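K.L.:
the following comprises the amino acid sequence and a computationally predicted model.
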Amino acid sequence: MSKQDNTVNYDDLQDMVASNDAGGRNPSGLTKKTIIVVAILWSLFQLYYTSPLPFWLQEVVRNWGWDLNVVIDDTKARSIHLAFALFLAYLSFPAFSTSPKHRVPYQDWLFAVLGAFLGAYYIFFYDGLVTRFGAPNTQDIIAGCLGLLILLEACRRSLGLPLVIIAGVFLLYNYFGQYLPTSWIISHRSGSLSQIINQQWITTEGVFGVALGVSTKYVFLFVLFGALLDKAGAGNYFIKTAFAYLGHFSGGPGKAAVVSSGLTGLVSGSSIANVVTTGTFTIPMMKRVGLNAEKAGAIEVASSVNGQIMPPVMGAAAFLMIEYVNMPYSELITHAFLPALISYIALVYIVHLEAQKLGLNGLERVEPASPFLATLLKAVTSILVVIVLAMAVYYGLGWIKDVIPNSAFLIVAIALTLAYIGLIRRVARFPDLEMDDPNSKVVKLPYRKPTVNAGLHYLLPVVVLMWCLMVEQMSPGLSAFWGTVALSFILITQRPLLSLFRKDSGHKASLFKQGVKDLVDGLESGARNMIGIGIATATAGIIVGVVSLTGFGVQLSGIIEMLSMGNILIMLILVAIFSLILGMGLPTTANYIVVSSLMALVIVEIGKQNGLIVPLIAVHLFVFYFGIMADVTPPVGLASFAAAAISGGSPIKTGVQAFYYSLRTVILPFLFIFNTDLLLIDVGWAKGLLVFVTATIGILVFTAATMNFFFTKNKWWETLALILAAFTLFRPGFFMEEISPTSYHVEPTQLVQEIEKSKVGENMMLKVRGLDPYGSEIEFYSELVVPEGATGEERIEALGLMLLDTGEQIEINGKSSPKILIDNVEIDSPAAKAGLNWDQTILDVSFSQDAIAKEWMFIPALLLIWVIAWNQRRRVKKQ
């Protein structure tokens, strides 16, 4: 392929990213200036709304005696957010592929203004809407109908037809479902036009619901943070650093692609943009060392898409998750960290195995390799320095906040400024990293020391972000705000300071102006990257509103239960397939909203019916993991198409190969549903370390099995043995439960006596039969913790239970037993929170008992792996 052809392809890729993320139009003149100004105003509004500034200003306003409210409440902020998104969507995204790209037709201006007005309808008519809440008038109904149509058209332009079709089907079901026969499982009685518009456009249960609220409150600032980080040059820094350290290994460009794509996930919220940003350089280099076009593209796709599951920034869906699950973001990061980390480790191992199978080498190093001990010593020293600095900052900052709390903010700001100046001074000793030409061949790797030192100051805003999230426990939005403030300061000042420390003769004012221009460009880019997310969350809110109004989720639960025959594994497979089918047409965020709204509680309920108490966070992460496959799954995976355009390979074959490489991502959600240790739920640091080591070995062994290569090509029985060993490492309790059960069963009549003997804090499980909220008979399991109490009766009372021996006999497991009834359950008691209710029949009782630790199963699994490794290495020596 000629250089000219490469240039055309690169331009086409940029067009793909632009049309997918920020709109395909590129108008000129006043229209272009309008789009830029509105986008910047949107970013400034979001910064104002998320920052502490409104509350500080409110105090000032009150002190001056002015009757003015400068704090914007959440509902009004959502309305303004949607108004900006709709206005920019109609100006940025053409209606059809044949529509003009360099000007905005008059009808699009009309739709943009109308969309902005309807999006901000809550602002203009706030007082009236509050007084007629629940009873919209004719004007409200007309505005709501027009608003839904305008929103759906904006969604079609920015995201395509699939989400529009799904939302439209749900709206039609909402209206016509009331006319279905009552015998039909999906019939309902909540379909009047007034009810629909009130739910979707007037209240915060539909379009202006949780999803749009998360987009407004959290997601925008993180997307803006990424855009500014990219403008600062961090993306190029991450890519070059990864290549400098990994490019010389076997299959080095592929390993560097994995790491750089994971790091670029901090910069880019789009998997497609991630593929283009890193893949333009990594894919040609992977091909150059011997990987074919499809494998090179697939490695880039798998690593770019997985950037969305890597903490601390996990994409828009993660912020929705903390609202749905109701947990702090820091806790979510803790639960999501281990699966994401071992998934990336496995992807690096996939590249290594492909290189070993093909006998590939890395790129040429330009500096001699350091002795192993010296390298190890440097790594250990660096880690210790970071730990000491972190502890000094943590305890020093805590001391400052205790002693002089009123000056703590100023002191921290000064300390950060001094740290930044110190980093910039060091960076100035090394040359700037140049942006590589994607059309030029890379024949050698960059030097490590100057490369890693050339962008150390880019890490400071990331550290600020993580510190605010994890240590200060601030909200994600406020954490991103402070990270963005630090990053904005760096953008404006880095060029003048570098020039000052290098004693360049350049004019500092022009460098300062260039920094301001980069900041303004970043504000524009961040807002334009948010158009699709804002529209997607608002449109997905339609589906959530319909589910809430009609009770469709409960009806769907019955359908899924019928299809899965009550088996949780079959049900999880159905949910996974459902997510993958939706993933062919929906972006990750919309896919997650739809599937979690429909399926999350279904999984929890069917789990309870199977005796598996599934934490809600595990269910949402399950849905999230399959949602990220949206950009991989053939035949519509856009990331695969972008990678194929760079590699020159087949898009479908690239997508299939990427899905094959992503099997480790597919298998992990099933594993952490059944073994929540992988999510570090109720796991101490010592056990957490053991889980990390064994899970890492397990995922590497599973990868070796699926790649049919360990130290050499696997024999069929070695592949099966490796899968067995990996399964044992991930689910040791599956086998140990057969050897040494962790619980014992007693008759319901023995409940009071057994609970008296049990230790306080131990788990007990009740299997009960009763009616669900809709009158259908169900059987399910309920987990309780043995409370304190001198007698069994006192402990039963502490649980909030009152039991009744009816004197009747019922058949349980083929034999006749006394019927023990739950006669009463106290409101807000442990029993009530566990789902127990009056008139439920207790069918079975089980208590925890001392058993052999399941971790002992790790020993035979590791021995089996060692035997296979020894056998394969023996075969390699004979070859």
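P.N.:
Nice, thanks for sending it over.
K.L.:
who's in contact with residue 217?
P.N.:
For residue 217, the contact set (CB atoms under 8 Å, 6 or more residues apart in numbering) comprises 49, 50, 74, 77, 319, 475, 477. C-betas here are computed from N, CA, C, even on glycine.
K.L.:
sort those residues by pLDDT and name the bottom one.
P.N.:
Taking these together, the minimum pLDDT is found at residue 319 (80).
K.L.:
and the residue nearest to it when sequence neighbours are not counted, what does it touch?
P.N.:
Nearest non-adjacent residue to residue 319, counting by CB to CB, 6 or more residues apart in numbering: residue 218, 3.9 Å away. Residue 218 makes contact with 319, 475, 476, 477, 480, according to CB under 8 Å, 6+ apart.
K.L.:
only the buried subset of the contacts of residue 217, as a ChimeraX command please.
P.N.:
Buried residues among the contacts of residue 217 (16 or more other CB atoms under 10 Å), as a ChimeraX selection:
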select :49,50,77,319,475,477
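K.L.:
just send the contacts of residue 217 back as TSV, with distance to residue 691 too.
P.N.:
Output for the contacts of residue 217, formatted as TSV (distance: CB to CB, whole Å):
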residue	distance to residue 691
49	40
50	36
74	38
77	40
319	26
475	29
477	31
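K.L.:
ranges for the strands of the chain?
P.N.:
Per DSSP state E, the chain carries strands over the ranges 743-746, 763-771, 777-785, 801-812, 815-825, 841-848.
K.L.:
thinking again about what came up before, okay, the residue nearest to residue 319 and residue 290: tell me how far apart.
P.N.:
From residue 218 over to residue 290 the distance is 43 Å, taken as CB to CB, to the nearest Å.
K.L.:
ok, the closest residue in space to residue 365 that isn't next to it in sequence - how many residues close by?
P.N.:
In space, and not counting its chain neighbours, residue 365 is closest to residue 248: 4.5 Å by CB to CB, 6+ apart. Using other CB atoms under 10 Å, the number of residues around residue 248 comes to 21.
K.L.:
cool, residue 88 as well?
P.N.:
As a burial measure, residue 88 scores 28 neighbours (other CB under 10 Å).
K.L.:
that one: what's it in contact with?
P.N.:
Neighbours of residue 88 in contact, by CB under 8 Å, 6+ apart: 23, 35, 38, 39, 42, 112, 527, 528, 531.
K.L.:
what do you get for residue 502?
P.N.:
By CB under 8 Å, 6+ apart, the neighbours of residue 502 are residue 428.
K.L.:
residue 539: neighbour count?
P.N.:
Neighbours of residue 539 (other CB under 10 Å): 29.
K.L.:
so where do the helices sit in the stretch 601-750 of the chain?
P.N.:
Remark: helices assigned in the stretch 601-750 of the chain by DSSP state H, counting those that start in this stretch are 616-627, 638-647, 651-661, 663-674, 685-706, 716-730, 732-739.
K.L.:
which helices and strands does the longest one pack with?
P.N.:
Under the contact criterion of 3 or more CB pairs under 8 Å, 6 or more residues apart in numbering; DSSP states H and E, the helices and strands touching helix 685-706 comprise helix 329-358, helix 663-674, helix 716-730, helix 858-878.
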